[in-house]
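A.B. asks: When you get a sec, could you give me coordinates for this:
(one chain, ligands or ions: 1)
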Amino acid sequence: MDACRRLEEVKEKIIKACERSQRKPEDVLLLGASKGVQPAKIREYYQCGLTVLGENRVQEFLRKYEELKDLHIDWHFIGRLQSNKVKYVMDKVSLIHSLDRESLAHEINKRAQVLGKVQEVLIEVNVGNEESKGGLKMEDLLSFYERALTFKNLKVVGLMCVPPYKEEPNQVKPYFEKLRKLKEKLEWEFSVKLKHLSMGMSHDFEVAIQEGATIVRIGTLLFGKRA
Ligand SMILES: *Cc1c(COP(=O)(O)O)cnc(C)c1O
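C.D. replies: Got it, this is the predicted structure:
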């Protein structure tokens, strides 16, 4: 199947999921999770209208960024980020989805200051309490957010999660609901409005949209199986 067809099919599914939950399709951003996808293929999708992409690994991202420099891609960083790599991505991404510790916040803030920008970030929350995964512990979220407010060149604009994998997408629902409630809690406690809930991947984005996702990160369903 060609790129444009695939993209249209995914968009159609997003629209249908929005209709089922009385949400506006323009409130859900489709991010192509492009790890493992070759630049030539990304280019095809871009020409079909996919302009927001998320990468997981710094080296891979930098290579693609250079190769695709002529396009107006809105790059996000969605993978685990080591503090010593922050400097390489900061001038190239509009949103970092994976802030999960104070040392990283400190580094992002420092680099943003150097660049004279305010870096928008999402706090990644480990909603399944999984040892193997990144993300902040749920119980640390309020204090961490409060701390993040003191960094002048870093702005938290929402939350992100990668929940445990479940065969049945509906079983992931409680985790998405949890993330939404955590966002509402922050908004209530700090009298702020947080724009984003980055949740839902190929397997479960329809459920995530039901629970309020504003960014869905889709890889396999768009680009096919990774090598
Ligand atoms: C790979 C990846 C995705 C996309 O996963 P698919 O199941 O291929 O859609 C989304 N988010 C993150 C953080 C990823 O690493």
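A.B. asks: Report the contact partners of the closest residue to G134 other than its chain neighbours.
C.D. replies: Once flanking residues are discounted, G134 sits nearest to R80: 4.8 Å by Cβ to Cβ, 6 or more residues apart in numbering. All C-beta atoms are positioned from the backbone trio N, CA, C, and that covers glycine. Applying Cβ atoms under 8 Å, 6 or more residues apart in numbering, we find R80 in contact with 56, 98, 134.
A.B. asks: So which bits of stretch 202-209 are buried?
C.D. replies: Buried positions in stretch 202-209, judged by neighbour count with 16 or more other Cβ atoms under 10 Å: 203-209.
A.B. asks: So out of everything in this protein, what residue is nearest the ligand?
C.D. replies: Nearest to the ligand in the chain, going by Cβ to the nearest ligand atom, is G219, at a distance of 2.7 Å.
A.B. asks: if we can go back for a sec, can you tell me which of the contacts of R80 is nearest E26?
C.D. replies: Distance to E26, by Cβ to Cβ, is smallest for S98 among the contacts of R80, at 25.2 Å.
A.B. asks: wouldn't that closest one be in contact with M160 here?
C.D. replies: Yes. Applying Cβ atoms under 8 Å, one finds S98 in contact with M160, separated by 6.9 Å.
A.B. asks: Show me which residues of this structure are close to the ligand?
C.D. replies: With Cβ under 6 Å from any ligand atom as the criterion, the chain meets the ligand at residues 33, 35, 56, 78-79, 162, 201-203, 217-221.
A.B. asks: Those in strands, which ones?
C.D. replies: Among the residues of the chain next to the ligand, DSSP state E puts 33, 217-218 in strands.
A.B. asks: re the thing from before, which of the buried residues of stretch 202-209 lies closest to C4?
C.D. replies: When the buried residues of stretch 202-209 are compared against C4 (criterion: Cβ to Cβ), the nearest one is F205, at 19.5 Å.
A.B. asks: Report the contact partners of the closest one.
C.D. replies: By Cβ under 8 Å, 6+ apart, the residues touching F205 are 13-14, 17, 213, 216, 218.
A.B. asks: Dump the residues you listed into a markdown table; add neighbour count and pLDDT as well.
C.D. replies: As requested, these are exported to a markdown table (neighbours: other Cβ atoms under 10 Å; pLDDT from 0 to 100):
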| residue | neighbour count | pLDDT |
| --- | --- | --- |
| K13 | 17 | 98 |
| I14 | 22 | 98 |
| A17 | 21 | 98 |
| A213 | 27 | 98 |
| V216 | 26 | 98 |
| I218 | 23 | 98 |
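A.B. asks: Now for the residue nearest to E67 when sequence neighbours are not counted, how many residues are close by?
C.D. replies: Excluding the flanking residues, the one nearest E67 by Cβ to Cβ, 6+ apart is P39, at 4.3 Å. Counted by other Cβ atoms under 10 Å, the residues lying close to P39 total 15.
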